[in-house]
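**Student:** turn this into a structure:
(chains A and B)
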Number of protein chains: 2
Amino acid sequence: MDNQLAKLLEERFGIVFHDINLAEQAFTHSSYVNEHRNLHLSDNERLEFLGDAVLELLVSQYLYREYPNLPEGKLTKTRAAIVREESLAQFATDCGFDAFVKLGKGEENSGGRTRPSLLCDLFEAFLGALYLDQGLAAVLQFLETVVYPQVEAGAFSHERDHKTRLQEVLQKSGDVLIDYRLIKEEGPAHERIFVTEVYCDDKMIGIGQGKSKKLAEQAAAANALQSLGK
Amino acid sequence: MDNQLAKLLEERFGIVFHDINLAEQAFTHSSYVNEHRNLHLSDNERLEFLGDAVLELLVSQYLYREYPNLPEGKLTKTRAAIVREESLAQFATDCGFDAFVKLGKGEENSGGRTRPSLLCDLFEAFLGALYLDQGLAAVLQFLETVVYPQVEAGAFSHERDHKTRLQEVLQKSGDVLIDYRLIKEEGPAHERIFVTEVYCDDKMIGIGQGKSKKLAEQAAAANALQSLGK
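**Tutor:** The predicted structure is shown next:
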C-alpha cells in the first residue's frame, strides 16, 4: 500500500489494515486494472457493493437512535441526503482519499479524480474494505469522525437547516439580500477550518466556523438566528 | 405479546425477545395505532426503516462471500431481486407472520393482511426489532433459516435459474409447451411442502419439491435438466 496513504489512515483515523490487499483494492479503480492486466489486480467495485450496505445500516442506526421522534418518512429522507453521491464524494475528498485512488490514464486525463461518482464509489469501497478487515464497530468509529458530526451540524437535515430558517426569518418583512462570505481558511489540508460571515443587506449579522464551507455557513446562520433571538 | 406469536418465534426460530415491546411494535400496523389512539401505541414504521438496512447489509455480505467471482453488477441485481417487495412479502408469509399483524378494521376489510407492501414492511420491521433486541448475529441466524436457503436454491439468481435454462434447452428445436403442475401440498401452515411436476407437450419430464411453489418449480426444472443430461 502507498506509504502516504497508510500514514494518512493511521495518523488521522487511527486505522491500520490487517490485510493490506483489501485497502489496496479499495483504492484501485477499474480503469487502472484494465490498463495493467498483467498485474492481475482486482478493482474496487465489489467492495463498493458491500460498503454501500454497511454505510446504509450505520447511518440508519444512527438516525434511528439520535432522532427518536422523527417519523419514518423523514428518517428516509435524511438518510437519502446523507448517502447520496454528492455527499459521499465530499466525504472522500474531506478525508483526502482522492489523492490516492489509482486510475487508468484515460480516466485521469478526463478528470476522473474529481468526478463525484468515482469518489462516491471510492468512499463506499473503503468502508467495505474496512468492514471486511475489522468489522462493523471499526466502520462505526470511522463514521463517528467523518460523517456523524456533519449530520449533527445539520448539514443534511431540513429540520436543522439553519440557513433555510434564517432566510425565512429575514424575509418575513420583505425581500433582503443574504450572502455568506468565506473570510478565512486555515490549518493543514486534512484538518482545514473555514470561517464564514453571513450578511443581510451588507450588514454582518453572524459568524461561524466549521470543517467545511457548508458547515461554516450553517454555523454562521445559527449564530445569526441566536443574535436575532430566534 | 400474543402467546401464539411468542410460541411461533421460539419453537420455529429459537427466538425469545428480551424486550417484548419491540416485538409488539414490529407487528403493529399504523392503521391499528390510528384506531386505538387512547392506547398510545407505536407503529412499526421506524423499525421497518432500520430493518430494511439490516437486511440489505446481511444479504450483501452473504452474496459477497458466497459468490466471490460475481461482478458488482450481478451482485446488485441479485440483491435487488432478494430484497424486493414481492420476495419479502413471501418471506413474511412463509414465516407465518401475516396471521399476527395488528391491523385497523378498514385495513383488515380491504385485504391489508395479504397486501405485499404491508407484509414486506412487516418482515423488515421484524428484522429491525430483532436487530435492536439481539444484534446483527441474531438477524444473521434468522436469515440463515429463512432467506439464504432460497438464494442457494436459485430462487433469485438468473445464473442459477433452472426454469429459464430448461426453457432454453427445450425450445432449441422449435416451440414446445412447458407447464408446471402443483400436484401436492402438505404439512402444517408454517412447514408446508409443495410438490410440482413439469411437463413438456403434456409429457412429464421432471418432478421436484420445496418450501414454496417457486422453489418446487425450480427443483422440478433442475430434475428435468438432469434427466435430459444438461
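
**Student:** output the longest helix belonging to chain A.
**Tutor:** helix A:45-66 (DSSP state H).

**Student:** tell me the angle that helix makes with helix B:45-66.
**Tutor:** Using axes from the mean of the first three to the mean of the last three Cα atoms, to 10 degrees, the inter-axis angle of helix A:45-66 relative to helix B:45-66 is 160 degrees.

**Student:** give me the buried positions along helix A:45-66.
**Tutor:** A:45-64 (16 or more other Cβ atoms under 10 Å in any protein chain shown). (Glycine included, C-beta is placed from N, CA and C.)

**Student:** show me what that helix is packed against.
**Tutor:** helix A:20-26, helix A:72-83, helix A:116-134, helix A:136-146, helix A:148-152, helix B:45-66, helix B:72-83 (3 or more Cβ pairs under 8 Å, 6 or more residues apart in numbering or on different chains; DSSP states H and E).

**Student:** residues of chain A that sit close to chain B?
**Tutor:** When proximity is defined by Cβ under 8 Å from any Cβ of the partner chain, chain A lies next to chain B at A:45-46, A:48-50, A:52-54, A:56-57, A:59-61, A:64, A:70-72, A:75-76, A:79, A:136.

**Student:** what residues does stretch A:23-35 touch?
**Tutor:** Residues from elsewhere that reach stretch A:23-35 (Cβ atoms under 8 Å, 6 or more residues apart in numbering or on different chains): A:1-2, A:5-6, A:9, A:17, A:39, A:41-45, A:47, A:97, A:100-107, A:112, A:118, A:122, A:125-126, A:128-129, A:133.

**Student:** mind redoing it with 7 Å?
**Tutor:** Stretch A:23-35 has contacts (Cβ atoms under 7 Å, 6 or more residues apart in numbering or on different chains) with A:1, A:5, A:17, A:41-45, A:47, A:100-107, A:112, A:118, A:122, A:125-126, A:128-129.

**Student:** same thing with stretch A:188-206?
**Tutor:** Against stretch A:188-206 from outside (Cβ under 7 Å, 6+ apart): A:12, A:96, A:170, A:176-187, A:207-213, A:216-217, A:220-221, A:223-224, A:227.

**Student:** now do the buried residues in that stretch.
**Tutor:** The neighbour-count check on stretch A:188-206 (16+ other Cβ under 10 Å) flags A:194, A:195, A:196, A:197, A:198, A:199, A:200, A:205, A:206 as buried.

**Student:** over to stretch A:65-77?
**Tutor:** A:67, A:70, A:72, A:74, A:75, A:76.

**Student:** out of these, who's nearest chain B?
**Tutor:** The nearest member of the buried residues of stretch A:65-77 to chain B, counting by Cβ to the nearest Cβ, is residue A:72 at 3.7 Å.

**Student:** now do the contacts for that closest one.
**Tutor:** Applying Cβ under 7 Å, 6+ apart, the residues contacting residue A:72 are B:45, B:46, B:48, B:49.

**Student:** and if you look at residue A:182?
**Tutor:** Here residue A:182 is in contact with A:194, A:196, A:213 (Cβ under 7 Å, 6+ apart).

**Student:** for it, give the beta-bridge partners.
**Tutor:** In this entry, residue A:182 is beta-bridged to residue A:196, by DSSP bridges.

**Student:** where does it land on pLDDT?
**Tutor:** Looking at residue A:182, its pLDDT is 94.

**Student:** returning to that earlier point: can I get the contacts of residue A:72 in TSV with pLDDT and distance to residue B:29?
**Tutor:** As requested, the contacts of residue A:72 are arranged in TSV below (pLDDT from 0 to 100; distance: Cβ to Cβ, whole Å):
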residue	pLDDT	distance to residue B:29
B:45	97	9
B:46	97	13
B:48	98	10
B:49	97	15
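
**Student:** ok, residues contacting stretch A:148-159?
**Tutor:** A:62, A:78, A:81, A:82, A:160, A:161, A:162, A:210, A:214, A:215, A:218.

**Student:** the third one: neighbour count?
**Tutor:** If I follow you right, that is residue A:81. Around residue A:81 there are 15 other residues, counting by other Cβ atoms under 10 Å in any protein chain shown.

**Student:** could you do the second one as well?
**Tutor:** Neighbouring residues of residue A:78 were enumerated by other Cβ under 10 Å; the total is 23.

**Student:** ok, it to residue A:154 distance?
**Tutor:** Residue A:78 sits 11 Å away from residue A:154, going by Cβ to Cβ, to the nearest Å.

**Student:** that older thread, of the contacts of residue A:182, closest to chain B?
**Tutor:** residue A:213 (29.6 Å).

**Student:** on the pLDDT front, check the closest one for me.
**Tutor:** 87.

**Student:** likewise for residue A:105?
**Tutor:** The model's pLDDT for residue A:105 equals 96.

**Student:** list the contacts of it.
**Tutor:** residue A:35 are the contacts of residue A:105 under Cβ under 7 Å, 6+ apart.

**Student:** any idea how far it lies from residue A:1?
**Tutor:** Counting by Cβ to Cβ - residue A:105 and residue A:1 are separated by 22 Å.
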